[in-house]
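K.L.:
quick one, fold the following:
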Amino acid sequence: MERTCAARIRNAHQMEFDEMTPAYKRPAAFGAAAFVFAMLLAPLSAPPALAVPSGAASHVSSVLPSSTSPATVRGPAAKKPRPPRDPAKANVLVNKQYPLVPRKFVPRLVAVPGTGIRLQPQAAKAYGKLAAAARRDGVNIKLTSGYRSYAVQQGLVDEYTRAYGSAYAKRIVAMPGTSEHQTGLAIDVGNHSRACALRACFANTKVGSWMARNAPKHGFILRYPKGMEEVTGYNHEPWHFRYVGPAQAKNLSRTKARTLEHHYGVASSPRATTAKGTKTTTANLNLRRSPSLGGGIIKTVPRGAKVRPTGKKSGTWIQTRHGGSTGWMSSRYLR
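P.N.:
I've put the predicted structure just below:
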């Protein structure tokens, strides 16, 4: 579900005594040694023992800077942001670049009433309040997934790898030790009718639209938004929500942080996509004139067909060539 600070550089400019105007030149032995000797003997509150003409003051300072000179005072080097890493806490960041510590972490868990699904206590309590609020609005949420162990996550990876190949599997399911579900803080939700289950169209269903509007009020955020695959490392998942706590969720909304990675300052800049080899369609796939579901259909490319990326990308859409046609395809169905 995949994305730095630069160290400050200071240049010190050194000047020589013999560059001073002739009126202020002194033999090297006297000019440097006497000045240092006098400064060591003089009280801190007294003026320097060696008088320096005002015209040369800045010049001498550049040779022997004071203890507070910017040339000698160096602040701490800029450090890479360090997002929260404690998986027992609601503010933890977990992704491909920031795996769980330890990798096989097992949280304290409780069952969500009325389901066989377990979450960390704080997340389970918050979900109960969220579901109750939804029912008052006439929305009946189905909780489909919560905590998944390291071993269960490995099983999912193996299953998806067999079905779609390793490269595509890594885009739609987290490797064990990097999954938010392993923290017991993430949930997947759906409709009781199973309409658009685990599909992008879930966002437009009654449950999906209610969650998008109201989940943050109860401490849950949409974790993998549309168009953020290069930052989060995963395709858009409108059914996957992550408990971060009401205060944190409100802060993300206030600052308009698009992802948890943006909130913690570790969002990588989108990488330029380069054309490389061919990809295979995993379903009958429409080749469209523009990178959206509203883009007109040029033609339908059958499952198992080979297409060639041009290198252009827009969110989860990539431009491809098939036969003599060039258009846009959803990368979700390419491997």
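
K.L.:
give me the buried positions along stretch 118-133.
P.N.:
Arg118, Leu119, Gln120, Gln122, Ala123, Ala124, Lys125, Ala126, Tyr127, Leu130, Ala131, Ala133 (16 or more other Cβ atoms under 10 Å). In this view, the C-beta of every residue, glycine as well, is placed from N, C-alpha and C.

K.L.:
show the contacting residues for the third one.
P.N.:
Think Gln120. Contacts for Gln120 were tallied using Cβ atoms under 8 Å, 6 or more residues apart in numbering; they are Ala88, Ala90, Pro107, Arg108, Leu109, Val110, Tyr147, Thr183, Gly184, Leu185, Tyr243.

K.L.:
swap in 10 Å and give it another go.
P.N.:
87-90, 107-110, 126, 146-147, 183-186, 243 (Cβ atoms under 10 Å, 6 or more residues apart in numbering).

K.L.:
so what does it have for phi and psi?
P.N.:
phi -60, psi 150 (degrees, to the nearest 10).

K.L.:
one step back: and the furthest pair within the buried residues of stretch 118-133?
P.N.:
Spatial extent of these (Cβ to Cβ) is set by the pair Arg118 and Ala133 at 21.5 Å.

K.L.:
determine the longest strand present in the chain.
P.N.:
Criterion DSSP state E: the longest strand present in the chain is strand 306-314.

K.L.:
that one: partners in the sheet, and parallel or antiparallel?
P.N.:
Sheet pairing for strand 306-314, assigned by DSSP bridges, gives strand 279-280 (antiparallel), strand 317-322 (antiparallel).

K.L.:
what are the buried residues along the next helix-or-strand element following the last one?
P.N.:
I take that to be strand 317-322. Next in sequence after strand 317-322, counting helices and strands by DSSP states H and E, comes strand 325-330. Within strand 325-330, the residues that count as buried by 16+ other Cβ under 10 Å are Thr326, Gly327, Trp328, Met329, Ser330.

K.L.:
now for those: which two are most distant?
P.N.:
So, the buried residues of strand 325-330 by Cβ to Cβ: farthest apart are Thr326 and Ser330, at 15.6 Å.

K.L.:
got the contact list for the nearest residue to His322 once chain neighbours are set aside?
P.N.:
In space, and not counting its chain neighbours, His322 is closest to Val307: 4.7 Å by Cβ to Cβ, 6 or more residues apart in numbering. Neighbour list for Val307: 278-281, 285, 287, 301, 318-323, 325-327, 329, 334 [criterion: Cβ under 10 Å, 6+ apart].

K.L.:
pLDDT wise, what is Val307 at?
P.N.:
We have a pLDDT of 93 for Val307.

K.L.:
grab the nearest non-local neighbour of Ala167.
P.N.:
Arg335 (5.9 Å).

K.L.:
count of neighbours near the one you found?
P.N.:
Arg335 has 16 neighbours, counted by other Cβ atoms under 10 Å.

K.L.:
what does Lys306 give?
P.N.:
There are 12 residues near Lys306, going by other Cβ under 10 Å.

K.L.:
then Ile221?
P.N.:
The number of residues near Ile221, taken as other Cβ under 10 Å, comes to 21.

K.L.:
in terms of helix, strand or coil, where does it fall?
P.N.:
strand (DSSP: H, G, I helix; E, B strand; the rest coil).

K.L.:
quick check: it touching Thr232?
P.N.:
No: taking contacts as Cβ atoms under 10 Å, Ile221 lies outside contact range of Thr232: 11.7 Å.

K.L.:
common neighbours of these two, please.
P.N.:
Thr259, Leu260.

K.L.:
what segments of the stretch 151-300 of the chain are strands?
P.N.:
186-191, 220-224, 237-243, 279-280, 285-288, 297-301 (DSSP state E, counting those that start in this stretch).

K.L.:
now for these, which one comes closest to Tyr160?
P.N.:
That would be strand 237-243 among the strands of the stretch 151-300 of the chain, by Cβ to Cβ, at 14.0 Å.

K.L.:
tell me the angle that closest one makes with strand 220-224.
P.N.:
Orientation check (axes from the mean of the first three to the mean of the last three Cα atoms, to 10 degrees): strand 237-243 against strand 220-224 gives 130 degrees.

K.L.:
by contact count, what packs against strand 237-243?
P.N.:
helix 121-136, strand 141-145, strand 186-191, helix 206-214, strand 220-224, helix 246-255 (3 or more Cβ pairs under 10 Å, 6 or more residues apart in numbering; DSSP states H and E).

K.L.:
tabulate those (CSV), appending distance to Ala169 and mean pLDDT.
P.N.:
Below are these laid out as CSV (distance: least, Cβ to Cβ, whole Å; pLDDT from 0 to 100):
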stretch, distance to Ala169, mean pLDDT
helix 121-136, 27, 98
strand 141-145, 17, 97
strand 186-191, 17, 98
helix 206-214, 24, 97
strand 220-224, 16, 97
helix 246-255, 29, 93
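
K.L.:
export the ones you listed to CSV and append columns for distance to His236.
P.N.:
Shown next, in CSV, are the helices and strands packed on strand 237-243 (distance: least, Cβ to Cβ, whole Å):
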stretch, distance to His236
helix 121-136, 21
strand 141-145, 17
strand 186-191, 14
helix 206-214, 12
strand 220-224, 6
helix 246-255, 17
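
K.L.:
all set, thanks.
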